[in-house]
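Colleague: take a look and give me a structure for this.
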Amino acid sequence: MAGKLIRRSVLAALILVWGYAAMFMRGSFTSWKLRLGRSRGSVGALALMSLLGSAGCTGSPATLAMKPDFEVKTPAAIASVSIRGSLPGMTDSEFEQLVKTGMGRAASGSVVSGLVETPFPQCRIVWHVNPDAGRGASTLSANIFDWSVPVAYEQQVVADSAPTATITDAIESVTSRLMASSERCHPRGG
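Modeller: Numbering: from 1, shown residues only. Just a heads-up that it's a prediction; the model follows:
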């Protein structure tokens, strides 16, 4: 899934930045006579690192350009839905199906069937899973973005070993609370 690729890219960028910082602190850069701002290579490296760093941001242009997983009808407009990760012990496609089911139960007939086509809706709902292995639970978080501006946020904790019915209920609950805030996301020209 695209979320895993983004996480790996961000991790690689952080490791790269950490390595450069460690070399700089040891003085390795001075032996190369590399002066920041005077070398095209250093400027290019900084530009690349900044692009990789922003790729992990939910509201970044790179993330907004990614194809959503599906679409839903909100009270304000059609919104695309993207899922960033899944619950521990569950495949991405299994979790996507639970999200579709829970969102569909929260607003009957809201899940739009078919492939998501460009241009993507300006309203985007993004689901995240933040596992807490020590507690055996995960936080399900959902955000609504109007382009790159966050307009609403809801979350709920579920046990990693919870039955799918309980997880679907949690998704339905988060979606119901989130839909109440969806009017803050305005369609073009609205």
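Colleague: any weak-confidence spans in the chain?
Modeller: Low-confidence regions of the chain, defined by pLDDT under 70, span residues 1-60, 63-64, 186-190.
Colleague: residue boundaries of the strands in it?
Modeller: Chain-ordered strands for the chain, with DSSP state E as the definition, fall at 70-73, 78-84, 111-112, 123-132, 137-146, 149-159.
Colleague: tell me the domain ranges of the chain?
Modeller: As assigned by automatic domain parsing, the chain contains the domains 2-56, 65-184.
Colleague: what is residue 138 paired to in the beta sheet?
Modeller: residue 131, residue 158 (DSSP bridges).
Colleague: tell me if I'm right that it and residue 160 touch.
Modeller: Yes - between residue 138 and residue 160 there is a contact under CB atoms under 8 Å: 5.7 Å. From N, CA and C alone the C-beta is placed, and that goes for glycine too.
Colleague: what comes up buried for stretch 174-190?
Modeller: Neighbour-count burial for stretch 174-190, with 16 or more other CB atoms under 10 Å as criterion, is recorded at 174, 175, 177, 178, 179, 181, 182, 185.
Colleague: only C-alpha atoms, please: export that stretch in CSV.
Modeller: Once non-C-alpha atoms are left out, stretch 174-190 reads as follows in CSV (Å, rounded to 0.1, in the frame of the first residue of the first chain):
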residue,chain,number,x,y,z
VAL,A,174,-15.6,7.7,14.4
THR,A,175,-17.2,8.2,11.1
SER,A,176,-20.5,9.5,12.6
ARG,A,177,-18.7,12.0,14.7
LEU,A,178,-16.5,13.0,11.7
MET,A,179,-19.5,13.5,9.4
ALA,A,180,-20.9,16.0,11.8
SER,A,181,-17.8,18.2,11.0
SER,A,182,-17.7,17.5,7.3
GLU,A,183,-19.6,20.7,6.4
ARG,A,184,-16.3,22.5,7.0
CYS,A,185,-15.0,20.9,3.8
HIS,A,186,-16.4,22.9,0.9
PRO,A,187,-16.7,21.7,-2.7
ARG,A,188,-15.2,23.9,-5.5
GLY,A,189,-17.1,27.1,-6.0
GLY,A,190,-19.0,26.4,-2.7
